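Chemist: Task: produce atomic coordinates for the following.
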Amino acid sequence: PPLMQHQVFSHDTDPSSPDGIEQIPPAVPLPSKIPKPRGEVSRLSWGRYNLQETLGWPASEYEETRAFVSQLAHEYLKVHKSWRLQAQPQLVIVYAEVGSGLTDGYEGSWVVGDMHHIFLKNSCSCDTSA
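Modeler: Numbering: from 1, shown residues only. Predicted structure coming up:
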């Protein structure tokens, strides 16, 4: 028996397109990740940026996230030492614990890093025994 061509048309078929084939819209580019702002976080007098204002999150969401990041710092980091003196494996654990939900939209997970920088800077400056 001769082969027959079988073509199924959906209800979304564009009759004005050649062969009545459904036209696929061009791919919409996904929004790129938000880059880290220039400068150092919380050095406002030096023309740098305020993290909470930069993120533009609701205050409750920012505080909840900040508290969670601070809790992780207490669990995994040496809070009397600065960011650059932290053990790399411990930082990796902290980033993993935060999870991708917070870091997905931001290049290089800078939000978590900035929150830890602020926390460790404040905890180091409060520790007078070191």
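Chemist: What degree of burial does Leu118 show, as a neighbour count?
Modeler: Heads up, residue 118 is Ile, not Leu. Neighbour count of Ile118, defined by other Cβ atoms under 10 Å: 18. For the C-beta atoms, the positions are set from N, CA and C on the backbone; glycine is no exception.
Chemist: burial of the closest residue to it other than its chain neighbours, as a residue count?
Modeler: Counting by Cβ to Cβ, 6 or more residues apart in numbering, Ser42 is the residue found nearest to Ile118 once chain neighbours are left out, at 5.3 Å. By the criterion of other Cβ under 10 Å, Ser42 has 17 neighbours.
Chemist: And for Asn50?
Modeler: Quick note: Asn50 (other Cβ under 10 Å) scores 12 neighbours.
Chemist: Next up, phi/psi of it, please.
Modeler: phi -100, psi 120 (degrees, to the nearest 10).
Chemist: I'd say it and Ser42 touch.
Modeler: Yes - taking Cβ atoms under 8 Å as the definition, Asn50 is a contact partner of Ser42 at 6.9 Å.
Chemist: so how far is Ala87 from the residue nearest to Ile118?
Modeler: Separation of Ser42 from Ala87 (Cβ to Cβ, to the nearest Å) stands at 23 Å.
Chemist: where along the chain do the helices fall?
Modeler: 51-55, 59-76, 88-98, 100-103, 110-126 (DSSP state H).
Chemist: out of the ones you listed, deepest packed?
Modeler: Comparing the helices of the chain by mean neighbour count (mean count of other Cβ atoms under 10 Å), helix 110-126 ranks first with a mean of 18.
Chemist: Which neighbouring elements make contact with that helix?
Modeler: helix 51-55, helix 59-76, helix 88-98, helix 100-103 (3 or more Cβ pairs under 8 Å, 6 or more residues apart in numbering; DSSP states H and E).
Chemist: Give me the helices and strands touching the third one, please.
Modeler: The elements that helix 88-98 packs onto, with contact taken as 3+ Cβ pairs under 8 Å, 6+ apart, are helix 59-76, helix 110-126.
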